[in-house]
Each structure stands twice: as C-alpha cells, then as structure tokens.
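*Asks:* I would like the atomic coordinates for the input below:
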Amino acid sequence: TYYSYDHGSHVAGIAAGNGPVQKGVAYDADIIAIQVFSRFEHEQNCGGNAPLYRDCVLSYDSDQKAALQYIYSIRNTYNIAAANLSLGGGQYSSYCDANDSSYTTIVNSLTDADIAVAVAAGNEEYCGAVGTPACIQNAITVGAVTYTDQEADFSNYLKDVLDIYAPGVGINSSVGSGDSDYEAWSGTSMATPHITGAFALFKQKNSTASVSQLVTAMKNTASQVTHVCAVYGNEGRINADDVVTAISNAPGVSVSLNSDSSHAKSANIIVTLSGTDSLGINGYYISESTSIPDESEFSAITETTSLLTNVSFVLSGGDGTKTVYAWLKNTAGNISNTASDTIILDTVAPYIVSITPENNSTNISRSTNISITFSEPVLSSSLTASNMSLINRSTLEPVTSGNLTISGNTVTFNPASDLSAGTAYTVNI
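*Replies:* Residues are numbered from 1 along each chain as shown. Coordinates of the predicted model:
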C-alpha cells in the first residue's frame, strides 16, 4: 500500500455510505466515483504525514478540472446534487477566481446547473487563508469542527470566504483495508462530505432550490461555532434537519390595512405585509378573493428572509366591510398560508339630519340644550368643544362652559348656565 490510498473511501463513506452497521449522511444516494489522483513513487512532495520518500497519491489540477467537466457533461443523465472535493493546496488570503479561470469557469457552470461544489478549506492551521480550489467564490468552502462545535485547530479559516463548518474530528468511516473496516480520521476532508451528503438530502426534499438558495438556508440555520482564529465572522456549523425544514415550509405572513385602521374613507388603501422565511421570500399576492393563487400570479420582489413592505391596493365595489387576503411565496416556490385583515370602507361624509332647536327658532327656553343628529354614528374621539361651539352673536363670545355628550348619531351640548335673554346664538360644528 501507499500513503492515503483509501482517502476517497473514507470520504465517500461519510457522504453516502450504506453499510449494515454504519451509514453516511445521504445513505440512499448513489455515488459517481471519478479518479483524479495519481500514484507518486518515492516523491519528496508526498510530505505531510507520509514518511519521506514513501509512495503516495497526489492530484493534478488538470485532472480535477477534467473530472468536473465530466460531471457537467452528464448533468442531464444523472440527478447530481453535489460534487465533493476533499483536496487542495496553497495559501490564499482572498478569492482566487482570476488565478485559474478555467477552474473557476467549471465551478461556476456546475453551480449554475444547481450542482453544489463542496471543497475542503485545508488543514494547515491558517488564520486568514484557505487552499485552492476552496478559494473560488462559488465553491462551498468547508471547515472542520469538533463534536462540541469548537473549530478544529488544524482547520484553515478565511473570513467571508469560508462558508460553513461540519464535523471533521474523529469521524468514523470506511477504509480500504477490508469491506467491513472503519477508522476514525480527522480533517476538513472529513467535514466536506457532510456538506455534500446534505445537499443530496436538500435536493431530494426540494428539487427546484438553487445552490445559492440552499447555501443561504444552510447559513441562516447554522449553529454557532467557537473559533480558534482571533478574527472571525459568523460562520456556523450545518444543521441539516433545520435546512430541510426551512426549504420545506412556507413563509410566515401577516397583513394589516391602513396601519390597522378600522375604517377607510377611500378605496385606495395601504396593505402592510410582513413575513419571514429562512430560504428567502421573493413574491406576494393580494386579493379580495379567498382563492389560493398560482405561483405565476405573484408579484416579484427582491429576495429577502425578513419582509416588511407597504403595497398600494384598491378596494372593489361600494362602501361596506371589506376583507383583504394576502400570501407570500419563497424562492423554493412554497406558498404561505392565507393571512387576512378587515376594514370598513366608508366614502360618504356624514351630514346633519336635524338640529334641535331648529334653525331660526325663536322664544326658546334659556335653559335649552342643543342637540344635533347626524346621518351616522359619531365617534367619541371626533367631536369636542373645540370643533363644536355655541356663539353669542351679540358679544361674539363662545359659550365654553357646558357638557358635551355623544349618543349614537346624536351630539348634545348642555350649557352650564342659562343663555342670555333676547339674544341670537349660532351653532358652529
């Protein structure tokens, strides 16, 4: 044997192993094995944990790119969820897309075809760098954590380039010494197939979700990691079950009309929509019908995981009680439950039906009350002594002291003192 000859067996077992005792992440998935490694004899380059000048396996970039191109060529023959690259080298402190444009191009092509490319960050203990091809922007760069969500001390890290962590310390999986043999290994190579297998689960649950959408859901549901490096971001450890839930569930939604007003004096109203979805909300539909809309009927919006927006809407028909229904749609095409709110449309202004004493009445008792009946009930908050006044036309002074009451459609003003004899008064309202 030669050093690391069964590295691929260990990685494949983690992603999709289906043994009688131990199983991988996506144990019912199939594996397409593509050989990109070559045997190097007595190579000083073997290095690492291999004894100097012992045979080992290494990989040329050209073989890796050819393998990815082959995957792309069979994308319509097989339902491929992800490509696993538990390999790499070098030290890159930023995205490296321009360094090898042909490598970047094939990674981008696979991503655009909804095939995730998961790549190990590397095991050189770098704080502020990862290897290649992990430094390609559309690659899903994977770091390793312990079972306590502590970043593994060997795991390379680069803020904003590393995408996600997965278990990578003491991972038990298949090895090449026998068909029933297992060993516990550590490395970002072991973390990466956790992500690859998870993508198979995700695509099984939601076949239309894009790589970008699934990465977003994966990051939004990740568990907090304790970092080794002094400078770090908010990258977390994958929670596969939570991602499956996120891409399966519809968005939550709520709706209010004219800022929760009970009435509207115009058919033109403002509908406030709010909702959350870890995958991303990308559409809404508003109607006075309870019929659930088709996906094609939704108005498109910029994708967001937390929505709060105001939408103009015109109520139909004449005055009366109106109910407005709303739905949200996420990027996976899941449609929310129905949310609704009710408002009373009243476009006719109230008018005075009668006044007692009648207009131009004479010989009225000095202790009389003034009562005004309107065409509809009066809100208690809408009428006060400031907008209903009784004016002495001789002195032009208002009668300010008195009791103002509202009962249904009728407003009554009871002056605190008798009115002046032989004097005309005007009611302003």
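*Asks:* which strands and helices sit next to the top helix by length along the chain?
*Replies:* If you go by DSSP state H, the chain has its longest helix at helix 188-205. The contact analysis (3 or more C-beta pairs under 8 Å, 6 or more residues apart in numbering; DSSP states H and E) places helix 188-205 against helix 7-16, strand 82-85, strand 116-120, strand 140-145, strand 164-167, strand 171-174, helix 211-220, helix 240-248. Just so you know, the C-beta spots here come from the backbone N, C-alpha and C atoms, and that holds for glycine as well.
*Asks:* Using a markdown table, lay out those together with mean neighbour count, distance to F374 and mean pLDDT.
*Replies:* What follows is those, written out as a markdown table (neighbours: other C-beta atoms under 10 Å; distance: least, C-beta to C-beta, whole Å; pLDDT from 0 to 100):
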| stretch | mean neighbour count | distance to F374 | mean pLDDT |
| --- | --- | --- | --- |
| helix 7-16 | 23 | 75 | 96 |
| strand 82-85 | 26 | 70 | 98 |
| strand 116-120 | 28 | 67 | 98 |
| strand 140-145 | 28 | 68 | 98 |
| strand 164-167 | 25 | 66 | 98 |
| strand 171-174 | 20 | 78 | 97 |
| helix 211-220 | 22 | 54 | 90 |
| helix 240-248 | 19 | 54 | 90 |
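*Asks:* and the nearest residue to T272 once chain neighbours are set aside, which of the three is it?
*Replies:* What sits nearest to T272 in space, not counting adjacent residues and going by C-beta to C-beta, 6 or more residues apart in numbering, is S256, at 4.7 Å. Secondary structure assignment for S256 (DSSP: H, G, I helix; E, B strand; the rest coil): strand.
*Asks:* While we're on S256, how confident is the model there?
*Replies:* S256 is assigned a pLDDT of 96 by the prediction.
*Asks:* and what of the one 5 residues further on?
*Replies:* Per-residue confidence for S261 comes out at a pLDDT of 94.
*Asks:* Could you report the distance from it to T272?
*Replies:* Distance of S261 to T272, computed by C-beta to C-beta, to the nearest Å: 11 Å.
*Asks:* Have a look at those two and say which one is more surrounded.
*Replies:* T272 (17 against 14; other C-beta atoms under 10 Å).
*Asks:* So which elements touch the strand of greatest length in the chain?
*Replies:* Secondary structure assigned by DSSP state E gives strand 268-287 as the longest strand of the chain. Strand 268-287 sits against helix 211-220, helix 240-248, strand 252-257, strand 299-314, strand 320-330, with contacts defined as 3+ C-beta pairs under 8 Å, 6+ apart.
*Asks:* Of all these, which one is nearest G197?
*Replies:* Smallest distance to G197 across the helices and strands packed on strand 268-287 (C-beta to C-beta): 8.4 Å, for helix 240-248.
*Asks:* quick one on the thing from earlier: format the helices and strands packed on helix 188-205 as JSON lines; extra columns: distance to S420.
*Replies:* Formatted as JSON lines, the helices and strands packed on helix 188-205 follow (distance: least, C-beta to C-beta, whole Å):
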{"stretch": "helix 7-16", "distance to S420": "98"}
{"stretch": "strand 82-85", "distance to S420": "93"}
{"stretch": "strand 116-120", "distance to S420": "90"}
{"stretch": "strand 140-145", "distance to S420": "89"}
{"stretch": "strand 164-167", "distance to S420": "86"}
{"stretch": "strand 171-174", "distance to S420": "99"}
{"stretch": "helix 211-220", "distance to S420": "75"}
{"stretch": "helix 240-248", "distance to S420": "77"}
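*Asks:* Sweet, I'm off.
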